[in-house]
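Asker: Structure for the following, please:
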Amino acid sequence: MENSSEYVQHAPWNKGVIVGQKSLFKLKEIWAIRVRLQLQHRVRELAMFDLGLDSKLRACDLVKMRVRDICHGEHGAPRTTVMQQKTSRPVQFEITQPTRDAVSEWIKEAKLGQDDYLFPSRIHESPHIGTRQYARIVDSWVTEIGLNPSEYGTHSMRRTKASLIYRRTKNLRAVQLLLGHTKLESTVRYLGIEVDDALEMAEQTEI
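Answerer: The predicted structure is shown next:
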């Protein structure tokens with residue numbers, strides 16, 4: 001008599017799905033997306049793209065930004081501070097001039113006031129876009145320039161500039177502050193720099 005409790009194998013939930021850290025955007029890919037958004041006059045998305053890269057914020061924090069967080073009166077601020085939802089700790093970031101210009105154009109076009117959310121939702125039930133909507137928008141940018149959307153995501157936006165800063169300065173503490181991590185070990189794991197640095201040293205070592 002066969003055992004009625006015979007073990008049945010189930011396919012893993014992530015079969016065929018790429019897991020792990022999302023890929024970073026290369027400079028040529030950043031410009032490919034930015035130029036496309038500029039030429040197509042997608043003002044809201046350009047502001048979202050530039051601010052997402054500059055701020056290095058998690059999706060949950062980016063979508064909740066208000067106009068007053070980034071503008072003092074009619075002028076965009078060169079720096080601002082946002083309270084992180086995950087850690088309840090403030091994080092400061094720089095806002096480059098191109099990003100300020102893009103955000104200012106969006107604020108004018110959308111006729112947003114100081115207390116308005118920077119990226120209001122088009123759905124009445126929500127005051128601002130959600131993280132899923134932001135993720136879908138990022139997927140559309142990736143797809144439009146011929147990349148695989150399963151390899152990229154909102155964390156690609158968060159990690160890209162932080163990784164560029166680390167590669168140029170090797171200042172891990174500075175990157176930790178910019179990402180708002182409480183522990184240096186979190187920054188090391190998040191950037192995957194141990195592996196990258198090891199490979200870089202290997203490439204530069206001749207036998």
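
Asker: what is the mean pLDDT for the longest helix anywhere in the chain?
Answerer: As assigned by DSSP state H, the longest helix anywhere in the chain is helix 154-169. When pLDDT is averaged over helix 154-169, the result is 89.

Asker: List the buried residues in that helix.
Answerer: In terms of neighbour count (16 or more other C-beta atoms under 10 Å), helix 154-169 has its buried residues at 154-166. Just so you know, the C-beta spots here come from the backbone N, C-alpha and C atoms, and that holds for glycine as well.

Asker: Equivalent analysis for stretch 111-130, please.
Answerer: With burial defined by 16+ other C-beta under 10 Å, the residues of stretch 111-130 counted as buried are 112, 116-119, 128-129.

Asker: so where's the chain shaky on pLDDT?
Answerer: Filtered on pLDDT under 70, the chain yields the residue ranges 1-20, 73-74, 193-207.

Asker: And the residue nearest the centre of it?
Answerer: Centroid-nearest residue in the chain, with C-alpha atoms, centre = their mean: residue 157, separated by 2.5 Å.

Asker: ok now the longest helix of the chain, how far from the chain's centre?
Answerer: Taking C-alpha atoms, centre = their mean, to the nearest Å, one finds the center of helix 154-169 at 9 Å from the center of the full chain.

Asker: need the strands for the chain, in chain order.
Answerer: Using DSSP state E, the strands of the chain run over 71-72, 75-76, 79-83, 90-94.

Asker: Make JSON lines out of the ones you listed and add mean neighbour count.
Answerer: JSON lines is the format used below for the strands of the chain (neighbours: other C-beta atoms under 10 Å):
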{"stretch": "strand 71-72", "mean neighbour count": "16"}
{"stretch": "strand 75-76", "mean neighbour count": "14"}
{"stretch": "strand 79-83", "mean neighbour count": "14"}
{"stretch": "strand 90-94", "mean neighbour count": "15"}
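
Asker: so which of those comes closest to residue 145?
Answerer: Closest to residue 145 of those, according to C-beta to C-beta: strand 90-94, at 25.0 Å.
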